[in-house]
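A.B. asks: After the sequence you'll find the predicted model.
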Amino acid sequence: MSDLWIPATAKHDMSFKSGTLKDGETTTTHKIKVVDPETKKTGEVVVIAESDISQARLEDMIGTAVENWTKEIREKVQRKNGKVAPSTEEEQRNIGASIREYMKEKRKMQSSTNNKIYY
């Protein structure tokens, strides 16, 4: 699969058969080396796909994986530099509501004799 389209910031490193699924289909692992031109960070993206997948779908999966990796790296660098916008008031309310709901369910489970919720 050397004729795969890869984003300009990436280089196809290797492909190899990596396993067999329950239905007998084999999987292929593709390793892609990536360089973020903005932060100059390098990394490796691994895409596991069924061996009989179309080339266009595989290229789409690789492109998405590289894009997600780049976005994640840039967010990490921005957080490290303190340039990420703080969460909004609505996001904080949603987080607080989720935590309260979790704590409520946890208390119910702890009050039960066998750690299962029956009510």
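C.D. replies: Received, thanks.
A.B. asks: residue boundaries of the strands in the chain?
C.D. replies: For the chain, the strands defined by DSSP state E cover 10-20, 26-35, 42-50.
A.B. asks: who's in contact with the last one?
C.D. replies: Applying CB atoms under 8 Å, 6 or more residues apart in numbering, the external contacts of strand 42-50 come out as 10, 13, 18, 21, 25-36, 57-58, 61-62, 65-66, 69, 73. In this view, the C-beta of every residue, glycine as well, is placed from N, C-alpha and C.
A.B. asks: 10 Å instead?
C.D. replies: 9-10, 13, 15, 18-19, 21, 23, 25-36, 57-58, 61-70, 72-73 (CB atoms under 10 Å, 6 or more residues apart in numbering).
A.B. asks: what angle do the lowest-mean-pLDDT helix or strand in the chain and strand 26-35 make?
C.D. replies: Here the helix or strand of the chain ranked lowest by mean pLDDT, DSSP states H and E is strand 10-20, holding a mean of 85. Counting by axes from the mean of the first three to the mean of the last three CA atoms, to 10 degrees, strand 10-20 lies at 160 degrees to strand 26-35.
A.B. asks: Ile32 versus the most centrally placed residue in the chain, what's the distance?
C.D. replies: Residue closest to the average C-alpha location in the chain (CA atoms, centre = their mean): Asn68, at 7.1 Å. The gap separating Asn68 from Ile32 is 12 Å, by CB to CB, to the nearest Å.
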